[in-house]
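[1] Sharing a model that was predicted from the sequence below.
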Amino acid sequence: MLDFSIITVSYNSAETIKETISSVLGQVDVSFEYIIIDGASTDNTINIIESFNDPRIKILSEDDDGLYDAMNKGIALATGSIIAIINSDDVYISSDVLDKVKKEMTEKKADILSGHIYFFDHDINIKKRSYKCTPYINNKQWHHGWQPPHPSTFVRRGVYDAIGAYNIQYKISADYDFLFRALYINKYKHIVLNEYLVAMRNGGESTRNIKAIIKGNKEVSQVWNNNKIKKPKLLILNKLISKIVNNVYMKSNH
């Protein structure tokens with residue numbers, strides 16, 4: 001079995017996807033397949049993907065029902081032991097990210113691993129802010145707004161096989177729902193690799209504007225209700241505070 005299945009969802013990503021693909025194909029000392037699920041792009045995205053001419057790349061380009069539906073298609077095609085999902089405008093910060101993840105998950109017999117992320121505007125070397133994942137100790141952390149950063153979270157395929165993938169009724173918070181089911185409800189073993197693993201361009205789906213933030217928080221409340229667990233009274237406020245605390249704004253390069 002391959003060590004990893006790496007999944008990227010794209011749609012009209014011609015401006016950024018080349019850098020993403022290069023960061024994936026540059027990973028060393030691990031075996032992997034790279035599954036790119038494209039939502040029938042109308043720009044130059046497909047041509048850029050095909051220009052790499054790498055046998056590890058598998059492309060599926062067709063209409064989908066949103067980001068998480070496309071992720072589910074990738075998971076359904078995955079054959080690797082560990083599944084990684086990286087957005088079409090994000091990058092792995094070094095060539096040994098996956099090697100470090102594999103070693104850490106193997107050594108500690110973990111089901112899910114998360115690392116740190118940092119955000120940039122145009123130049124990957126200029127860090128604007130960072131989000132550090134704190135270790136998962138118990139379920140009470142969810143009450144205080146804890147959530148691993150999805151772009152730097154790696155999941156054994158068996159977890160998806162056992163509890164299902166992303167619930168596409170959530171347009172912004174399906175990753176929150178999946179991790180909530182995996183950790184809060186099913187108690188899979190989660191560990192933190194205390195390193196930056198992924199660099200993200202500013203402007204993700206859940207943080208794009210106030211309307212998206214409100215919709216995301218509404219979906220988070222629905223996650224608790226739909227899983228038949230009483231939502232903590234101050235959950236949304238605690239999530240906001242947690243986000244502020246865990247985001248570190250940087251004034252200079254590090």
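    That came through, no problem.

[2] Can you verify my assumption that A162 contacts K187?
    No: judged on Cβ atoms under 8 Å, A162 makes no contact with K187 at a distance of 11.9 Å. Quick note: C-beta positions are derived from backbone N, CA and C, even for glycine.

[3] Check the chain and tell me which residue is nearest its centre.
    Note on the chain: the residue nearest the mean C-alpha position is P151, at 2.5 Å, using Cα atoms, centre = their mean.

[4] Excluding sequence neighbours, find me the nearest residue to that residue.
    Leaving aside its sequence neighbours, P151 sits nearest to V198 (Cβ to Cβ, 6 or more residues apart in numbering; 4.9 Å).

[5] any idea how far N44 is from the one you found?
    V198 sits 24 Å away from N44, going by Cβ to Cβ, to the nearest Å.

[6] again with V101
    Where N44 is concerned, V101 sits at a distance of 31 Å (Cβ to Cβ).

[7] Same question for D161.
    Distance, D161 to N44, by Cβ to Cβ: 36 Å.

[8] Next, the buried residues of the strand ranked longest in the chain.
    The longest strand of the chain (DSSP state E) is strand 190-201. Buried residues in strand 190-201, counted by 16 or more other Cβ atoms under 10 Å: 190-193, 196-201.

[9] Does anything pack onto the helix or strand just after that strand? Which helices or strands?
    Per DSSP states H and E, the first helix or strand lying C-terminal to strand 190-201 is helix 210-226. Helix 210-226 sits against helix 174-179, helix 235-246, with contacts defined as 3 or more Cβ pairs under 8 Å, 6 or more residues apart in numbering; DSSP states H and E.

[10] Pull out the buried residues from stretch 57-71.
    57-58, 61, 64, 66-71.

[11] So what's the predicted local confidence for N53?
    According to the prediction, N53 has pLDDT 95.

[12] did I read that right, it in a strand?
    No: counting by DSSP: H, G, I helix; E, B strand; the rest coil, N53 falls outside a strand, being coil.

[13] ok, now how distant is it from L25?
    11 Å.

[14] joint contacts of the two?
    Counting by Cβ atoms under 8 Å, 6 or more residues apart in numbering, N53 and L25 have no contacts in common.

[15] Going by how many neighbours each has, rank the two and give me the top one.
    L25 (15 against 7; other Cβ atoms under 10 Å).
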